[in-house]
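S.K.: give me a model of this one.
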Amino acid sequence: MAKAVLLQIVMTLTVAALAALVGGGRAALSAAFGGLACVVPSALFALRLAVESRRPGGATMHGFFLGEFAKIAATVLLLFVIVRAYHELDWLAFLIGYIAVLKSYFLMFMFGRRRA
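M.R.: Coordinates of the predicted model:
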């Protein structure tokens, strides 16, 4: 799970850098905010799973689904806060940043090591 979060952080920085080249500072910040709206809840979810898996009996399905619900709620809350707080939001960069980071999991599946 930590690898997935690290990949999301790298993807956020990459998309923000590309947005800076194409659209300037406002686009870069918007893309970074879009990526962070995905990274922060994922990191919290990964931390929660790591803590829960160390308990006696390990992680449970109930805990997993509660964590996933909290992750979705945190994502929606972050998206709302960012849109309300950053009035100069570049919507295209913001959405591209969010979607690119959200879909970065596919890179792990496509280019990850295959296990025999």
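S.K.: could you point out the longest helix of the chain?
M.R.: Counting residues, the longest helix found in the chain (DSSP state H) is helix 25-53.
S.K.: report the buried residues of that helix.
M.R.: 27-43, 45-46, 48-49, 52 (16 or more other CB atoms under 10 Å). Heads up, the C-betas are built off the backbone N, CA and C, glycines and all.
S.K.: also stretch 92-106?
M.R.: For stretch 92-106, a neighbour-count test (16+ other CB under 10 Å) marks 93, 94, 96, 97, 98, 100, 101, 102, 104 as buried.
S.K.: so which of the residues you listed are in strands?
M.R.: Using DSSP state E, no member of the buried residues of stretch 92-106 falls in strands.
S.K.: of all these, which comes closest to residue 12?
M.R.: Residue 12 lies nearest to residue 101 out of the buried residues of stretch 92-106, by CB to CB, at 5.4 Å.
S.K.: does the closest one touch residue 32 like I think?
M.R.: No - the criterion here is CB atoms under 8 Å, and residue 101 misses it with residue 32 at 9.9 Å.
S.K.: what about residue 70, how many neighbours?
M.R.: Neighbour count for residue 70, taken as other CB atoms under 10 Å: 14.
S.K.: what residues are up against it?
M.R.: Taking CB atoms under 8 Å, 6 or more residues apart in numbering, we find residue 70 in contact with 41, 44, 45, 48.
S.K.: recalculate using a threshold of 6 Å.
M.R.: By CB atoms under 6 Å, 6 or more residues apart in numbering, no residues touch residue 70.
S.K.: kindly report the same for residue 59.
M.R.: Taking CB under 6 Å, 6+ apart, we find residue 59 in contact with 49, 52, 53.
S.K.: can you give me the distance of residue 64 to residue 48?
M.R.: When distance is defined by CB to CB, to the nearest Å, residue 64 is 9 Å away from residue 48.
S.K.: angle of the strand or helix carrying residue 63 against helix 25-53?
M.R.: For residue 63, the element it lies in under DSSP states H and E is helix 61-85. Put simply, helix 61-85 runs at 160 degrees to helix 25-53, going by axes from the mean of the first three to the mean of the last three CA atoms, to 10 degrees.
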